[in-house]
Every structure is written in C-alpha cells, then in structure tokens.
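J.: sequence first, predicted model second:
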Amino acid sequence: MTKIKESFAQLPIMMVVNMVESAKNFCSVFAEHDYSIGELVFSPQKNPLCIDGKFLITGQLLDWYQHVLMNGQPAVGGVFAFQLIGWGELCSIHQGWRWVTSNGVAIPNAAWKKEWVIFGERNGDVFFADTSSQECPVFFSVQQVNKKIAGSLASFLDIVSTCMLIELKEFGYEVQDDEFNLKEQFVSRVSAVASKAGGVDSGLFINCFFG
C-alpha cells in the first residue's frame, strides 16, 4: 500500500440526505472498499417485499430494503465495521432486544418499541432505525441504552460512506500506528467531517466507532 503523504487532497463531505441516492452511494463505496464482506446490489426500481406485520417497516428504512439486495451476509469492513442485517434476518437479530427470554420462553420486551427496527450490528451492539418517523432516525443501542446518532437513515449512510472513503482514498487503509492505535490525523479528519455533517451527532458517532 502507498504510504500516507504529508499532505493530501481531502475528499468533500458526501452528504446527499436523499434516501435513494444515499443508498446508491453507500452500495458504490461498499463495493470499492477492499475490506467489505459480501455484496450489496443497488436496484433503481423498488423490489417487492413480503411484510408480515411483525415490524413497522416504513419511510427511509423501507426504501433501503426495497432498493438494496444483500448477498453473502454483507458487512462493512475496516475501521467502520458493522454487519448489515438482511430482510430475512430481522426476526433473529431482534432476539434479546425486541424479544427476551423468560423461563425459557421468548416474550415481548416492554422496553423495546415495535417501531425500533435493527438494521446493523457491531460487536454485539446494534444500530436501529425509529420508523415512527419517515426519516427513520438512527440510534446505537449498547445493552439497550439507546443513543441517537443521526436524524435520518440517509444522513447515517452518507457519513459512513464519506468516512469509508477517507479511510480508503486519503489514508490507503493505513489508519493505525505501530502500536495499532488509530492515528491522530485520521481521528481528527473523521471528527472534522462528522462535526460538519447535518443531522449527525459527531460525538456519539465518533464514540460509536472509536470509543
């Protein structure tokens, strides 16, 4: 890999905040990133979904699943690693979140709303979208302590896409020092981008991935 130069042209902030375009861009960056696992296929046309009523799938999250096909259990790789939850995995991922076990029986979790739909998992914690709003704000839940990261699913996808490109194009994946700590230059660059991203809590975003 090419070593980082002392100075480099910084990428513009990719903030589309249009769900279909955001999904398209995310799939494109995902395919370009060397550490991506599986495959995301963007479809300009909406794909039909069989919605059984167990989850309230509306707004931008519905757009996400209608326009993005997932193959091979896709996961973002590198520093911003997290598993993407396919349509057929929604029930299983919600075990322990929407449903909990009591006396060997799965029962609804009174603290988890039907509108909270998990779409990503990172190290045992989850990203979920609140589908009570068409924008589907994104939360990161650590042991069911929920913190709002972004005001919409589109803005979340946009900031992750931009940061993946920073990792790839500006740093050539060389984001750790010899002791495997994240380089201060990289953290500062991501922090600066996150702080300028509309609808994103930069502090929580940084803590989620770097905390």
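T.: Thanks, I have it. Numbering: from 1, shown residues only.
J.: next one: the longest strand anywhere in the chain to chain centre, how far?
T.: Among the segments of the chain that qualify as a strand by DSSP state E, the longest is strand 68-76. Its chain's C-alpha centre lies 12 Å from the corresponding centre of strand 68-76 when counted by Cα atoms, centre = their mean, to the nearest Å.
J.: most remote residue from the chain's center?
T.: Computed with Cα atoms, centre = their mean, the maximum C-alpha offset from the centroid of the chain is found at Asn103, amounting to 33.7 Å.
J.: average pLDDT across the longest strand of the chain?
T.: When pLDDT is averaged over strand 68-76, the result is 97.
J.: list the contacts of the helix or strand following that strand.
T.: Proceeding C-terminally, strand 68-76 gives way to strand 82-84 as the next helix or strand, assigned by DSSP states H and E. Residues outside strand 82-84 that contact it (Cβ atoms under 8 Å, 6 or more residues apart in numbering): Gly38, Leu40, Met70, Gln73, Pro74, Ala75, Val76, Phe119, Gly120, Glu121, Arg122, Phe127. All C-beta spots, glycine's among them, are computed from the backbone N, C-alpha and C.
J.: then stretch 93-110?
T.: The contact list for stretch 93-110 (Cβ under 8 Å, 6+ apart) reads Phe55, Ile85, Trp112, Lys114, Trp116, Ile118, Glu121, Val126, Phe128, Ser141, Gln144.
J.: widest-spaced pair of those?
T.: Longest distance between any two of the contacts of stretch 93-110 is 19.2 Å, between Lys114 and Glu121; criterion Cβ to Cβ.
J.: ok, those two, which is more surrounded?
T.: More neighbours sit around Glu121 than around the other of Lys114 and Glu121, counting by other Cβ atoms under 10 Å; the figures are 17 against 13.
J.: which residues does the residue nearest to the more buried one when sequence neighbours are not counted bridge with?
T.: Counting by Cβ to Cβ, 6 or more residues apart in numbering, Gln83 is the residue found nearest to Glu121 once chain neighbours are left out, at 4.5 Å. The partner list for Gln83 in beta bridges (DSSP bridges) reads Ala75, Glu121.
J.: what count of nearby residues applies to Gln83?
T.: Gln83 is flanked by 20 other residues according to other Cβ under 10 Å.
J.: please apply the same query to Ser191.
T.: Neighbour count for Ser191, taken as other Cβ under 10 Å: 15.
J.: contacts only, for it.
T.: By Cβ under 8 Å, 6+ apart, the residues touching Ser191 are Ser202, Ile206.
J.: wait, a helix at it?
T.: Yes. For Ser191, which was evaluated using DSSP: H, G, I helix; E, B strand; the rest coil, the result is membership in a helix.
J.: state the distance from it to Glu32.
T.: Counting by Cβ to Cβ, to the nearest Å, the gap from Ser191 to Glu32 is 23 Å.
J.: with Thr101 instead?
T.: Taking Cβ to Cβ as the measure, Thr101 falls 41 Å from Glu32.
J.: who are the contact partners of Asn146?
T.: Asn146 touches Trp116, Phe128, Phe139, Phe140, counting by Cβ under 8 Å, 6+ apart.
J.: may I ask you to confirm that Leu157 is in contact with Cys27?
T.: No. Counting by Cβ atoms under 8 Å, Cys27 is not a contact partner of Leu157; they are 9.5 Å apart.
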